[in-house]
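Peer 1: no sequence on this one, just coordinates:
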């Protein structure tokens, strides 16, 4: 019981961080009727996050909680669900995407919360093992990665390390299902699985923009491929700084497969931080995207122009999609996921993939129902056309450079089977 407010039973879920992503995670819990407490170092930010929910006072009780660690203000949001005191506490952190900040927080969290509490980080770019370094009990630390926009993405990556306790996996899976989402269990690895597939896709889109491929053509190709929006708009949703950090992590891990697009850093310097700031690749007014990219985006694409090409929409689609297939094959060989079906969950539940030809069939929708298999898209292209395209364009794109063993597998099997049967030499 809360000693200051004895009528309130402390919830077994604690969210830490009331920024943009933290608020989205908060809303997903409230929408599922889950009671919790939310914590932030700034009381005004915390109060604003709760006020945004416009909670019905007949269904929810909102009250101050005990300051966490004696310093961080907390607000308890209690609904009609039964707050079972026997549940293990789950602490979900969504604070600054900086390794030292997260490490410091979890070092404190070990003493602030119950000894059996499961500690989760919503990091999208940092390795869980790196965050756990220095913790007394790193086996309690787990990755719980939500995707933006949270209300439209129904998968959540659960990231395990070699040290992760089995009970932490079970508890977190149960919790994700409790908030009406689907757990995607992955091994701790650079980019986990969703960002590992996404990083070369988005980076290739920016490189193509600097090769005189128009933003409108990139959008047409992405929608025809089955993505819910333009890759440039998706970067704006993610945030240019977050995308920069994710791209840097990918490049540092796989420098031979990634040629970072220089214009992203230039956008950040111009303080175009994405949709949340109203300015990214596109301009946003009242949350509505401009029809064309912003003038500064066009200017920067010309500043960094190189290796200009003329490509058909189908060729642009292949330039965007095949690097994702290559990364999926490499990740599968490394054991980041254990089933090829996990790629469908990653693409559909994490990225909103709608299936090829998805234009107009649910743009910005959940993509949960009626979407075709992601690997079926590559099988529809066929192994020989993919091989020809890779051999024609790999000199101009690091993301299309394929290990000989994967090419051999593609020569023998369909693309889906080639991915699953790709083995080390």
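Peer 2: Great, that's in hand. Every value quoted in this text rests on a predicted model; they were computed, and no experiment measured them.

Peer 1: what about residue 287, distance to residue 103?
Peer 2: Using CB to CB, to the nearest Å, residue 287 is found at 35 Å from residue 103. Where you see a C-beta, it was placed from the backbone N, CA and C, and this is true even at glycine.

Peer 1: out of the two, which sits in the more crowded spot?
Peer 2: Between residue 287 and residue 103, counting by other CB atoms under 10 Å, residue 103 is the more crowded of the two (17 against 8).

Peer 1: buried set for the host helix or strand of the more buried one?
Peer 2: Assessed by DSSP states H and E, residue 103 sits inside helix 99-112. For helix 99-112, the neighbour count (16 or more other CB atoms under 10 Å) marks 102, 103, 105, 106, 109, 110, 112 as buried.

Peer 1: before we move on, what about stretch 323-343?
Peer 2: Buried-residue list, stretch 323-343, by 16+ other CB under 10 Å: 323-333, 336-337, 340, 342-343.

Peer 1: of these, the lowest pLDDT goes to which?
Peer 2: In terms of pLDDT, the lowest of the buried residues of stretch 323-343 is residue 340, showing 91.

Peer 1: all strands in the protein, in order from the N-terminus.
Peer 2: 13-16, 36-39, 61-68, 72-78, 90-93, 118-121, 141-145, 155-160, 182-187, 284-285, 288-289 (DSSP state E).

Peer 1: Which elements pack onto the third one?
Peer 2: In other words, strand 61-68. Secondary-structure packing of strand 61-68 (3 or more CB pairs under 8 Å, 6 or more residues apart in numbering; DSSP states H and E): strand 36-39, strand 72-78.

Peer 1: change it to 10 Å
Peer 2: strand 13-16, strand 36-39, helix 43-52, strand 72-78, helix 99-112 (3 or more CB pairs under 10 Å, 6 or more residues apart in numbering; DSSP states H and E).

Peer 1: packing partners for the third one?
Peer 2: Other elements packing on helix 43-52 under the criterion 3+ CB pairs under 10 Å, 6+ apart are helix 20-31, strand 36-39, strand 61-68, strand 72-78.

Peer 1: Would you quantify the distance from the nearest residue to residue 374 once chain neighbours are set aside to residue 198?
Peer 2: The shortest distance from residue 374 to any non-neighbouring residue, by CB to CB, 6 or more residues apart in numbering, is to residue 347 (4.3 Å). Going from residue 347 to residue 198 by CB to CB gives 9 Å.

Peer 1: list residues touching both of those two?
Peer 2: Common contacts of residue 347 and residue 198, defined by CB atoms under 10 Å, 6 or more residues apart in numbering, comprise residue 324.

Peer 1: shouldn't residue 78 be in contact with residue 38?
Peer 2: No: contact criterion CB atoms under 10 Å: residue 78 and residue 38 do not qualify, at 11.9 Å.

Peer 1: for the lowest-mean-pLDDT helix or strand in the chain, the distance to its chain's centre please.
Peer 2: One helix or strand of the chain scores below all others by mean pLDDT, DSSP states H and E: helix 240-253, with a mean of 90. Distance, stretch centre to chain centre, for helix 240-253: 12 Å (CA atoms, centre = their mean, to the nearest Å).

Peer 1: Report the buried residues of that helix.
Peer 2: 240, 241, 242, 243, 244, 245, 246, 247, 248, 249, 250, 251.

Peer 1: okay, and for this protein, where does confidence drop off?
Peer 2: Per-residue confidence of the chain (counting by pLDDT under 70) places the weak regions at 1-11, 81-87, 357-372, 424-425.

Peer 1: Nearest residue to the middle of it?
Peer 2: residue 147 (4.1 Å; CA atoms, centre = their mean).

Peer 1: Would you mind reformatting the strands of the chain (as CSV) and adding columns for mean neighbour count while you're at it?
Peer 2: Shown next, in CSV, are the strands of the chain (neighbours: other CB atoms under 10 Å):
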stretch, mean neighbour count
strand 13-16, 24
strand 36-39, 25
strand 61-68, 16
strand 72-78, 21
strand 90-93, 24
strand 118-121, 26
strand 141-145, 25
strand 155-160, 24
strand 182-187, 19
strand 284-285, 13
strand 288-289, 14
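
Peer 1: which stretch among those comes nearest residue 412?
Peer 2: Among these, strand 182-187 comes nearest to residue 412, with 27.0 Å by CB to CB.

Peer 1: what's the angle from the closest one to strand 155-160?
Peer 2: Using axes from the mean of the first three to the mean of the last three CA atoms, to 10 degrees, the inter-axis angle of strand 182-187 relative to strand 155-160 is 30 degrees.

Peer 1: Strand 182-187 pairs with which strands, parallel or anti?
Peer 2: If you go by DSSP bridges, strand 182-187 pairs up with strand 155-160 (parallel).

Peer 1: tell me, which helix in the protein spans the most residues?
Peer 2: Longest helix in the chain by number of residues (criterion: DSSP state H): helix 313-334.

Peer 1: what's it packed up against?
Peer 2: Judged by 3+ CB pairs under 10 Å, 6+ apart, helix 313-334 is in contact with strand 182-187, helix 194-209, helix 215-225, helix 341-344, helix 374-381, helix 383-393, helix 404-412, helix 415-421.

Peer 1: Deepest in the core, which of these is it.
Peer 2: helix 194-209 (a mean of 25; mean count of other CB atoms under 10 Å).

Peer 1: The residue nearest to residue 374 reaches residue 196, doesn't it?
Peer 2: No: counting by CB under 10 Å, residue 347 stays clear of residue 196, with 11.9 Å between them.

Peer 1: Could you name every residue contacting both of the two?
Peer 2: With CB under 10 Å, 6+ apart, residue 347 and residue 196 have common neighbours 324, 328.

Peer 1: Run through the residues that contact residue 98.
Peer 2: 104, 123, 126, 245.

Peer 1: what would these look like in TSV with distance to residue 387?
Peer 2: Output for these, formatted as TSV (distance: CB to CB, whole Å):
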residue	distance to residue 387
104	49
123	37
126	36
245	34
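
Peer 1: before we move on, the earlier item: from the chain's centroid, how far away is the longest helix of the chain?
Peer 2: For helix 313-334, the distance to the chain centre is 18 Å (CA atoms, centre = their mean).

Peer 1: Ok, stretch 165-181 next?
Peer 2: How far stretch 165-181 lies from its chain's middle: 18 Å, per CA atoms, centre = their mean.

Peer 1: do the same with stretch 56-70
Peer 2: That offset, for stretch 56-70, works out to 29 Å (CA atoms, centre = their mean).

Peer 1: Equivalent analysis for stretch 30-50, please.
Peer 2: The chain centroid and the centroid of stretch 30-50 are separated by 22 Å under CA atoms, centre = their mean.
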